[in-house]
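Asks: coordinates only, sequence not included:
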């Protein structure tokens, strides 16, 4: 069994498996590492986005389309209490957290164009492909007076 180092500053973090800062990012335990991982698959007519949201309920998730950006937000407040027969706490754990992720999908889409479903901790979004309107190279002349 690995024992936490009592000489390091993160003794309690090591013992309880709390995320700790390492280098340029954060190192998390396995549950946090899988949060909001996203797969994007291109189909003939649309893009399928599968986003892992373990531990969240459908009611905890909000999808917003604003200024061409699709933003997925998830927020939860969990309280797990276990007591023994005498009512003394054996363990108390609380988790309150939120996460969000944004994708640029373009200004041509509306919220009615995007379809979302949530099942077994995975949010699936269907985002239709929008044909790019080719821009014409127009020469614009400046009038010269005189």
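Replies: Yep, that arrived. Owing to the predicted nature of the structure, the values given are computational and were not obtained by experimental measurement.
Asks: mind listing the helices for the protein?
Replies: For the chain, the helices defined by DSSP state H occupy 11-16, 30-33.
Asks: Least confident of the ones you listed, on average?
Replies: Among those, helix 11-16 has the lowest mean pLDDT, at a mean of 44.
Asks: I figured residue 39 was touching residue 122, is that so?
Replies: No. The pair formed by residue 39 and residue 122 falls short of the contact definition of CB atoms under 8 Å, at 9.4 Å. Yep, even glycine has a C-beta here, placed from its N, CA and C like the rest.
Asks: joint contacts of the two?
Replies: 50-51 (CB atoms under 8 Å, 6 or more residues apart in numbering).
Asks: which residues does residue 58 contact?
Replies: Neighbour list for residue 58: residue 118 [criterion: CB under 8 Å, 6+ apart].
Asks: if I look at it, how far off is residue 121?
Replies: The span separating residue 58 from residue 121 equals 10 Å under the rule CB to CB, to the nearest Å.
Asks: One more: residue 64?
Replies: For residue 64 relative to residue 121 (CB to CB), the value is 21 Å.
Asks: now swap in residue 144 and tell me
Replies: In terms of CB to CB, residue 144 sits 66 Å off from residue 121.
Asks: Pick out whichever of those two has more residues nearby.
Replies: Each of residue 144 and residue 121 has its neighbours counted (other CB atoms under 10 Å); residue 121 has more, 13 against 5.
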